[in-house]
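Q: quick one, what's the 3D model for this:
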Amino acid sequence: MGSPWKPFLILSVISGLSESLEFGPVFIQEPDDIIFSLGSGERKVMLHCEARGNPPPTYSWYINGTRVDSDTDYRYSFIDGDLIITNASEITDFGKYQCKSENSFGSILSRDALLQFAYLGAFSTKSRGAVSVREGQGVVLMCSPPPHSPEIIYSWVFNEFPSFVAEDSRRFISQDTGNLYISKVQPSDVGSYICLVKNPVTNARVLSPPTPLTLKTDGVMGEYEPKIEVHFPSSVLAAKGVTVRLECFALGNPVPTITWRKINGNIPKRARLRKSQAVLEIPNIQQDDSGVYECKAENPRGGTAFKGHLQVYTLPQWVRMINDTQMDSGEKLQWECKAISRPRPTYRWLRNGLPLASQGRVEIMNGELSIHKVQQTDSGMYQCVAENKYGAIYSNAELKILASAPVFFHNPVRVIATLGKDAFLECKPRASPKPRITWKREDRRIQPNKRIILLRNNTLKIVNSSRADEGNYVCRAENQLGSAELTAVLWVKEAMRVVLSPSKVEVTVGESVVLSCKATHDTSLDVAFQWFFNQKPIIFQQDGNHFEYIQTVRAKQSSTVDLMIRSILLRHAGKYGCRAQTSADSVFTEAELLVRGPPGPPGVVIVEEITDHTATLSWTRGLDNHSPISTYNLQARSPFSLGWQTVKTDPDPVTGDMESAMAVELNPWVEYEFRVVASNAIGTGDPSAPSRRVRTKEAVPSVAPSNVSGGDGRRHELVISWEPVSEEFQNGEGFGYIVAFRANGTRGWKEKMVTSADSTTYKYRDETFPPLTPFEVKVGVYNNKGDGPFSQVVIIHSAEGEPREPPSDVKAYSISSSEIRVAWKPPSPGPGKPKGYEVQFWKETEQEESGKKQRTVKNETFMILTGLDGNSQYLITVKGFNNIGQGPACAAIEARTKKYPPVQPPVNLAWIQEGNNVSLSWEPVKAKENESDVIGYMVLVKQEGRGYNQVTRTINPSTVLSLPEGGTYIIEVRSLSEGGEGAASAQIRLVTSSGVRAKSRQCSVHRTPPSLTWTALLLVLLVP
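A: Numbers count the residues shown, from 1 in each chain. Next up is the predicted model:
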């Protein structure tokens, strides 16, 4: 609508005090502690300070309480709030610094910042005298460090750098004194010792003059009791959160052992013992770690101890701080600040950087400040300082005493009320002191009555507003400094009506629904909508997968929005609210969404009664999710099941109105868990929580062993085997097997008890029955409750025994210098048939017991012995074996290996190649007396990069090779003899192409004769 009041469409008059754009200084950055290295080249220190304020603040600095004057000392300069010190020195610049920030509203002081200087002096160049002790005596080598700041790190060099002294139970370097302690000197300790110190800030290092350590020659030091030479102070103060190191080391012979304890308490679990227990390190020290700690040094000669008290202090921390405050003159200021620390903090107050004390209207009691009847002169910046001897913290606040004539910042204002409801016209001017308020309408002062009420906060309340109440209302505010008027224009509009449809809807999981919210309202008003779920606003960006806000077209006197809920889940059931709001009023209405789905999980499952085969269960109903429960499904789980399995029930089925049923056909003596699952027309819900584990009662076994079989075994043995019965079917304790057997054709059964439930075999031995005697066999079960069933009767034969006869017709002959072929015939058929053969062989110069043995693969009747020595006589025996054992061996036979093949390889290889043909020749190989005669040669051709191989055998020292295609070939020649293959010749490599003819000797390449026509050059490489 085109009303000039459009920018002021608000429900009520919003007017009153507003914050001033001007304010006192507030620190953004305060100076920090600095350790400045004097070794740095620039020698310039910068301390930072920054504050905001309006007007912009100015800065000044103080060192140890004295103002820094840059006009009188050129070394000081300022950049904004930062202080820069040029050519800084420890003598003139060490100390505590404070930054002061101020503007027209007051001034504040920063925290103290400590400026320290890091340096490391040099050791005295004066030589150090030798230290002489007896072997076994303790010694302390003094470091005597040079001047330094801050703390330094100590180490010791032995004889020459960088050979450092390694710390152990006998040697210790104190980081408090810097000294090296050796509890018991050994001859290996004699040498020169140098103390090395390092400044961790500057990284500077310096070495002391060497201290020689020698041994006296007047004897060895005897044993003596420990003496603690270095220990932590009797009173240790540590700040909370730091790491504390307590040192304790003793001299003694034998080397003492160090132990630690906390008197009347336990050493913290996070504490660590370091350096062979000479250092107790407690990280992140806490108040509870305070107490008396004791270190004890002991050896066989005695012991000694030292105790010290560890105290943990804390810096002050704020619990309550002061805040900026605006007050009218004449009111009472009441400020309180509170901090915690150990030791307890004390408090002091500052106003504009200066101490504030109790005087006149000002009262100070520890952290409380009171100012009675504040005046304009009390305005300024205040600071509460909480401090103990370890530090101080500051809380800052600005006090403004207001003094102004009444002012309305928004004037006039528009108020829209709803017909029939109360209207509120606010009057909140900015003014100090508080103004007197009067209301009038159309130049007539309003007199309060039952319908028009003036509230304590000067708001005018109109009860049950009507069209007649529309018009201009004037609020007049007046104090001794002036007056001002506010005009409030009241419009009364028809009440808005909101309808949310459908008001109640039922859907099934997975479906979608649309809720429509329609608001009928005054045409001059804009309306805004908001959707809620169970009283909480719906955030569409977070749940866009299910909720969608749909804006519809606005009609003349109504507006409508829709909420679409997609793929509904059970969790979407509840109350959905729509809030429609105009500048006149707000209306909220709700609709209920019921979601039908599978049932929720049933309640706790209780096992009421348990027998050997049944379990009676009860449970409580879960949510039916608006669809009646039709059936329950009982499930069980045992150590033998694959997860949860449905069990049979009585009754069957278990209907939805039941809360108890019996699980049947369970196995006895099995530990079960049970759960219940509910189903309805929508589907099956989540299962209940499992019941407690229960075990069914014992019963007589009902399952017999399976796969009864047997055989094998030694002679006169009957071997019976079976698959064991699973623990699931043993039905009770004391489970075992009954093995029953009888010779085929006899009446009486022999029964044997096997008490192990895991047994799978029983062996019966009787010298009277012959091999392969048939037996009838059955295997039964029993437990403490009685005997169970037997398996089906099966026929099992007794063992046939090991082989009884040796192999026959055993022959052996040599096939090379390292191989002998052995062959034989099986023994006569009968019991004890071999399943394989074992061949034993040894040299005639060796004992039979040292001979090697080889077994055949399966039932073969020959074997080739390999890896033998050449020209050697061997003795050989053969015996059969089976699963039962070995039979007798045949009589030993003899065979001699052939002589070794020639060691000399073919030499002086020569070749001529034309096309793919190569004519190759070499000098004949002559065998030595102890070598086999040459009976021929073998030529091996390999093609590089491919799998092509060619082997040619010849009785002559020459051959012609035909190469199938061009390429690179490697050729070698070996001699052949009865003893095997001889040594290989040097390899030759041919790189060829078509139409080439060449002749070559080893290590030489020849060109072709000029009378021949050649098309390419042959490159021949001889590879040794």
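
Q: contact partners of stretch 667-675?
A: The list of residues contacting stretch 667-675 from outside it, by Cβ atoms under 8 Å, 6 or more residues apart in numbering, reads 605, 607, 612-613, 615, 617, 634-640, 644, 663, 666, 687-699, 728-733. C-betas here are computed from N, CA, C, even on glycine.

Q: try 6 Å
A: Contacting residues not belonging to stretch 667-675 are listed as 605, 612, 617, 635-638, 687-688, 690-691, 693, 695-696, 698-699, 728, 731-732 [Cβ atoms under 6 Å, 6 or more residues apart in numbering].

Q: going by neighbour count, list what's buried in that stretch.
A: By neighbour count with 16 or more other Cβ atoms under 10 Å, stretch 667-675 contains the buried residues 667-670, 672-675.

Q: stretch 353-373 too?
A: Residues of stretch 353-373 classed as buried under the neighbour-count rule (16+ other Cβ under 10 Å) are 353, 356, 362, 364, 367, 369, 371.

Q: could you dump the residues you listed to TSV with pLDDT and secondary structure?
A: Supplementary listing: the buried residues of stretch 353-373 in TSV, determined by pLDDT from 0 to 100; DSSP: H, G, I helix; E, B strand; the rest coil:
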residue	pLDDT	secondary structure
353	93	coil
356	94	strand
362	94	strand
364	94	strand
367	91	coil
369	95	strand
371	95	strand
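
Q: need the max-distance pair from the residues you listed.
A: 353 and 367 (19.0 Å; Cβ to Cβ).

Q: neighbours of residue 606, just the number please.
A: 14 (other Cβ atoms under 10 Å).

Q: of the buried residues of stretch 353-373, closest to residue 826?
A: Using Cβ to Cβ, residue 367 is the member of the buried residues of stretch 353-373 that sits closest to residue 826, with 111.6 Å.

Q: how much space between that closest one and residue 242?
A: Taking Cβ to Cβ, to the nearest Å as the measure, residue 367 falls 27 Å from residue 242.

Q: equivalent analysis for residue 789, please.
A: According to Cβ to Cβ, residue 789 stands 78 Å off from residue 242.

Q: before we move on, what about residue 184?
A: Shown here: residue 184 relative to residue 242, a distance of 34 Å by Cβ to Cβ.

Q: quick one: the helices in the stretch 1-150 of the chain?
A: Assigned helices in the stretch 1-150 of the chain, in chain order: 90-93 (criterion: DSSP state H, counting those that start in this stretch).

Q: any stretches of it with poor pLDDT?
A: For the stretch 1-150 of the chain, applying pLDDT under 70 flags the ranges 1-20.

Q: circling back: okay, residue 184 and residue 242: which has more neighbours?
A: Neighbours were counted for residue 184 and for residue 242 using other Cβ under 10 Å; residue 184 has more, 23 against 12.

Q: quick revisit: would you turn the buried residues of stretch 667-675 into JSON lines with distance to residue 103, secondary structure and pLDDT?
A: As requested, the buried residues of stretch 667-675 are arranged in JSON lines below (distance: Cβ to Cβ, whole Å; DSSP: H, G, I helix; E, B strand; the rest coil; pLDDT from 0 to 100):
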{"residue": "667", "distance to residue 103": "90", "secondary structure": "coil", "pLDDT": "94"}
{"residue": "668", "distance to residue 103": "92", "secondary structure": "coil", "pLDDT": "95"}
{"residue": "669", "distance to residue 103": "90", "secondary structure": "coil", "pLDDT": "95"}
{"residue": "670", "distance to residue 103": "86", "secondary structure": "coil", "pLDDT": "95"}
{"residue": "672", "distance to residue 103": "82", "secondary structure": "strand", "pLDDT": "96"}
{"residue": "673", "distance to residue 103": "76", "secondary structure": "strand", "pLDDT": "96"}
{"residue": "674", "distance to residue 103": "79", "secondary structure": "strand", "pLDDT": "97"}
{"residue": "675", "distance to residue 103": "74", "secondary structure": "strand", "pLDDT": "96"}
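
Q: going by distance to residue 204, which of those residues wins?
A: The shortest gap between residue 204 and any of those belongs to residue 673, at 71.5 Å (Cβ to Cβ).

Q: what bridges to the closest one?
A: According to DSSP bridges, residue 637 are recorded as the beta-bridge partners of residue 673.

Q: ok now stretch 853-860, how far from the chain's centre?
A: For stretch 853-860, the distance from its own C-alpha centre to the chain's C-alpha centre is 57 Å (Cα atoms, centre = their mean, to the nearest Å).

Q: so for that stretch, what gets flagged as buried?
A: Of the residues in stretch 853-860, those buried under the neighbour-count criterion (16+ other Cβ under 10 Å) are residue 856.

Q: end-to-end on it?
A: Across stretch 853-860, the terminal residues are separated by 16 Å (Cα to Cα, to the nearest Å).

Q: what's near enough to touch residue 96?
A: Counting by Cβ under 6 Å, 6+ apart, residue 96 has contacts 64, 112, 114.

Q: most surrounded residue in those residues?
A: Going through these with other Cβ under 10 Å as the criterion, the one with the most neighbours is residue 112, at 18 neighbours.

Q: list the contacts of that one.
A: With contacts defined as Cβ under 6 Å, 6+ apart, the neighbours of residue 112 are 96, 98.

Q: circling back: out of the contacts of residue 96, which sit inside strands?
A: The members of these that map onto strands under DSSP state E are residue 114.

Q: which one of the contacts of residue 96 is nearest residue 548?
A: The closest of these to residue 548 turns out to be residue 112 (Cβ to Cβ; 60.3 Å).

Q: any idea how far that closest one is from residue 69?
A: 20 Å.

Q: excluding its backbone neighbours, what's nearest residue 133?
A: Spatially, and ignoring its direct neighbours in sequence, residue 133 is nearest to residue 139 (4.9 Å; Cβ to Cβ, 6 or more residues apart in numbering).

Q: for the one you found, give its distance to residue 621.
A: From residue 139 across to residue 621, the span is 85 Å (Cβ to Cβ).

Q: likewise for residue 437?
A: Using Cβ to Cβ, one obtains 65 Å as the distance from residue 437 to residue 621.

Q: number of residues surrounding the residue nearest to residue 76 when sequence neighbours are not counted?
A: When the adjacent residues along the chain are set aside, residue 76 lies closest to residue 70, with 4.3 Å between them (Cβ to Cβ, 6+ apart). Per other Cβ under 10 Å, the neighbour tally for residue 70 reads 14.

Q: what residue ranges in the chain score low on pLDDT?
A: Counting by pLDDT under 70, the ranges of the chain that qualify are 1-20, 544, 553, 947-948, 964-966, 991-1024.

Q: ok, residue 352 touching residue 108?
A: No. Because the distance of 8.0 Å does not satisfy Cβ atoms under 6 Å, residue 352 is recorded as not touching residue 108.

Q: hey, what's in contact with both of these two?
A: Common neighbours of residue 352 and residue 108, counting by Cβ under 6 Å, 6+ apart, are residue 381.
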